[in-house]
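**Q** I would like to see how this sequence folds:
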Amino acid sequence: MASIKDVAAEAGVSVATVSRVLNDHPSVSDDARTRVQAAVRTLGYRPNAVARSLRTDQTRTLGLVISDVMNPYFTELARSVEEAARALGYSVIIGNADERPELQDHHVRTLLDRRIDGLLVSPTDGGSPLMLEAARAGTPMVFVDRWIPGVDVPVVRADGRAAIRDLVAHLCGLGHRRVAIIAGPAATTTGSERVQAFREALAEYGVPLPDAYIGQGDFQAESGRRVTEGFLDLPEPPEVVFAADNLMALGALDAMRARGLRVPSDIALAAFDDIPWFVHTDPPVTAIAQPTGELGRAAVHALIDRIEGRPPQSVTLPARLVVRRSCGENPDQNPDQNPDQNREENREENRGKKQTPVQRSTS
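**A** Sure, this is the predicted structure:
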């Protein structure tokens with residue numbers, strides 16, 4: 001490979017002049033700049049990125065630690081992060097935590113050792129000493145999707161509370177009263193927040209959420225299957241299962257089919273985190289969709305702002321309900337109507353049902 005000395009000899013200038021041209025320094029004559037650029041093309045010279053990073057203290061590299069690369073939501077998030085970073089002249093190194101805090105810490109340590117310029121993390125739990133230490137030490141960092149409360153790090157996330165209220169309005173409008181949730185890990189902000197939002201939305205309609213209808217999952221398909229089997233073994237199984245992420249919803253669907261149940265005529269299903277697969281299931285699954293691409297792009301911009309000395313901003317974007325056929329169909333509702341347009345009228349209509357719960361057959 002050609003060296004910077006070879007370029008200097010070819011162009012008839014000093015090594016320092018070549019360096020100034022490569023770093024776009026203004027104190028170079030047009031003639032010298034033209035000769036250096038021609039020599040670079042002739043020799044096929046490529047600057048040594050490692051050596052440059054040692055001089056500039058920048059690697060133009062971002063680290064991204066996602067919770068589960070097998071989850072289509074995080075796959076899409078990683079893609080949007082990589083595209084946004086590339087457009088701004090940065091590359092991305094991705095670590096998959098597989099929902100395991102110790103593996104998350106391994107990736108954080110490895111990325112910091114590689115001298116990345118900044119770190120994007122979707123924490124698998126309430127916080128690790130390593131990540132907290134990195135944040136307090138001033139490592140440019142942004143939390144995306146999940147966050148650690150009390151840590152002074154910008155957060156880019158979706159707010160699903162309004163979409164969950166829309167979902168509950170949809171379920172109550174269909175006459176469902178026995179509603180269960182497969183929760184994510186309580187140590188994650190998304191796990192605890194979605195359960196709380198669901199409980200509050202049900203309370204608006206006078207629908208209880210008993211402990212027997214709250215199943216503890218871990219954002220993995222197997223936990224969705226296991227929790228759903230437990231729901232189905234109850235003396236009075238739920239009419240609806242709401243899974244707090246897409247993989248647990250797929251596990252729940254497997255459990256329902258294994259029992260010979262039909263969705264939605266025997267039991268209804270809804271999910272948080274819409275994915276392309278839900279359009280192709282039978283029936284298509286009603287789901288809450290996050291603006292995943294926008295979140296990834298916003299996270300990159302927030303992190304680069306912090307790296308380059310600009311004040312970073314936390315960003316919160318709304319999620320939305322996508323109604324399909326997995327919870328049943330309301331003959332009085334226009335299927336093309338946005339659910340939030342009739343949320344209030346559904347809520348008022350169902351308030352009259354608070355004292356007279358609908359009894360549905362589980363056979």
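
**Q** Now do the strands in the protein.
**A** All strands of the chain, identified by DSSP state E, fall at 61-66, 91-96, 118-121, 141-144, 155-159, 179-183, 214-216, 240-243, 268-272, 286-289, 315-318, 320-322.

**Q** would a markdown table of these with distance to residue 303 and mean pLDDT be doable?
**A** For glycine as for every other residue, the C-beta is placed from the backbone atoms N, C-alpha and C. As requested, those are arranged in a markdown table below (distance: least, C-beta to C-beta, whole Å; pLDDT from 0 to 100):
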| stretch | distance to residue 303 | mean pLDDT |
| --- | --- | --- |
| strand 61-66 | 6 | 94 |
| strand 91-96 | 10 | 94 |
| strand 118-121 | 5 | 94 |
| strand 141-144 | 4 | 95 |
| strand 155-159 | 9 | 96 |
| strand 179-183 | 30 | 98 |
| strand 214-216 | 33 | 97 |
| strand 240-243 | 31 | 98 |
| strand 268-272 | 25 | 98 |
| strand 286-289 | 24 | 98 |
| strand 315-318 | 11 | 96 |
| strand 320-322 | 26 | 97 |
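
**Q** Looking at those strands, spot the one closest to residue 302.
**A** Comparing the strands of the chain against residue 302 with C-beta to C-beta, the closest turns out to be strand 141-144 (4.9 Å).

**Q** Quick check: closest non-adjacent residue to residue 230.
**A** Distance criterion C-beta to C-beta, 6 or more residues apart in numbering; nearest residue to residue 230, sequence neighbours excluded, is residue 215 at 6.2 Å.

**Q** gap between that neighbour and residue 286?
**A** For residue 215, the distance to residue 286 under the criterion C-beta to C-beta, to the nearest Å works out to 19 Å.

**Q** Between these two, which has more neighbouring residues?
**A** Ranked by neighbour count (other C-beta atoms under 10 Å), residue 215 and residue 286 place residue 286 first, with 27 against 24.

**Q** List the contacts of the more buried one.
**A** For residue 286, the contact set (C-beta atoms under 8 Å, 6 or more residues apart in numbering) comprises 167, 170, 269-271, 321-327.

**Q** now residue 153
**A** Contact criterion C-beta under 8 Å, 6+ apart gives 135, 141-143, 147 as the residues in contact with residue 153.
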